[in-house]
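Generate a structure from the sequence data that follows.
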Amino acid sequence: MTDPLDHDTLRLSRGSVGGAVSVWGASLVGLDVGGHHLVEPVAGAARPPLAAGATLVPWPNRVEGAAWTNGGVVERLEVSEPATGHALHGLLSGVRWDVARQGAAAVSLTSRIRHAPGYPFDLDVEVAYSLTPAGVEVRCTTTNVAPSGRAPVAIGAHPYLRCGETPVEDLVVAIDAGAALALDGDGIPRGAFGTAGTPHDLRDGVVVRDAVPHACLTGLATRGGRARHVLADATGRRTVLWADEVFGYVQLYVTDLMPGRPAAIAIEPMTAPPDALRSGHGLRWIAAGESWIVRWGIEDEARAPAG
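The predicted structure follows:
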């Protein structure tokens, strides 16, 4: 139900599982199992800080110089990262979404894009959050509503994970990725390399304080059509972010800028790498009238069904 003191935050509950979604950016801003936090609880903020939990569409991460070429035409996006001059986090992460449907344990939010500056396409987007016995499942549906033509789309999400009350810097992050992108100082890919023998190799787990603070990993191992990214405490309890195998990239971001926290870690599933509009890598070209559905979620492994 909606918190009467904060009409921008939608509260969800299913047994011992609680969730919170902000209408700003259709953002996941709270998730706990019996009080054991799985994401940074930033519910109640006027707008989620640091894009916490935001939906990233029609591109995740950055577009270099806020410009790309579309059929020989240079498209110029609005600059949303002034320090670099890049376009950051898509077009909908900072806007207010509409609530389409809401129940005690589920909510769907919708937004749309209509020939935005630098992105001359028409999309309807719906994000549905559904609590499960172990956490949350998220379904993002993107529809090209133009009468003709294809639209280039990539999807991402920006959750900051937790594993209970253990300080984030003391947790262990594990991502089963065999390759990483070589990012420049602005986070733009300039190549790729194998992770074996490098600080980017997180397959056996690395304490967050020792992890590379800004990385994009790929070559992800999957099981049952899903990749699994883990944040664990010293007792072995694990927060797991899973994503459909179409999410072939994951951005890791460790920061000390989260209000009230000495450290926070974003583990961001993405269907395409940074700068995808320019490179074309990972883009899904959606035909007129076509919908593309992708899924990801977060769970307390101790509560998740075996499989």
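
As a check, name the ranges of all helices in this protein.
Using DSSP state H, the helices of the chain run over 276-279.

Report the outermost residue of it with respect to its centre.
Relative to the centre of the chain, the most outlying C-alpha is that of G72, 30.3 Å out, by Cα atoms, centre = their mean.

what's the pLDDT at it?
For G72, the pLDDT comes out at 96.

gap between it and L31?
45 Å (Cβ to Cβ, to the nearest Å). Any C-beta I mention is one placed from the backbone N, CA and C, and that applies to glycine too.

same question, D256
22 Å.

Between the two, which has more neighbouring residues?
More crowded of D256 and L31, by other Cβ atoms under 10 Å: L31, with 31 against 10.

what bridges to that one?
Beta-bridge pairing of L31 under DSSP bridges involves G19.

Could you list the low-pLDDT ranges of the chain?
1-6, 45, 306-307 (pLDDT under 70).

same for the longest strand belonging to the chain, what does it pack against?
Scanning the chain for the longest strand, with DSSP state E as the assignment, gives strand 119-131. Strand 119-131 sits against strand 9-14, strand 17-22, strand 106-116, strand 135-144, strand 151-153, with contacts defined as 3 or more Cβ pairs under 8 Å, 6 or more residues apart in numbering; DSSP states H and E.

Work out the sheet partners of the last one and label each with its direction, please.
When sheet partners are counted by DSSP bridges, strand 151-153 sits next to strand 284-286 (antiparallel).

cool, the fourth one as well?
Strand pairing for strand 135-144, determined by DSSP bridges: strand 119-131 (antiparallel), strand 291-300 (antiparallel).

Save these as JSON lines, and put in mean neighbour count too.
Output for those, formatted as JSON lines (neighbours: other Cβ atoms under 10 Å):
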{"stretch": "strand 119-131", "mean neighbour count": "21"}
{"stretch": "strand 291-300", "mean neighbour count": "21"}
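
doesn't V63 make contact with G85?
No: between G85 and V63 there is no contact, the gap being 10.2 Å when judged by Cβ atoms under 8 Å.

Give me the more crowded residue out of these two.
Neighbour count, other Cβ under 10 Å: between G85 and V63, V63 has more, with 26 against 13.

Identify the residue spatially nearest to that one, adjacent ones excluded.
Distances taken as Cβ to Cβ, 6 or more residues apart in numbering put A87 closest to V63, at 4.2 Å, once the chain neighbours are dropped.

Hmm, the one you found is touching L77, no?
Yes: using Cβ under 8 Å, A87 makes contact with L77 at a distance of 4.0 Å.

and for the two, which residues touch both?
63, 66, 118 (Cβ atoms under 8 Å, 6 or more residues apart in numbering).

and which of those residues is nearest A134?
Of all those, A134 sits closest to V63, with 35.3 Å by Cβ to Cβ.

residues in contact with the closest one?
Residues in contact with V63 (Cβ under 8 Å, 6+ apart) are 77, 86-87, 275-278.

so which of the residues you listed would you say is closest to R11?
A87 (32.4 Å).

Check the gap between that closest one and V73 for me.
16 Å.
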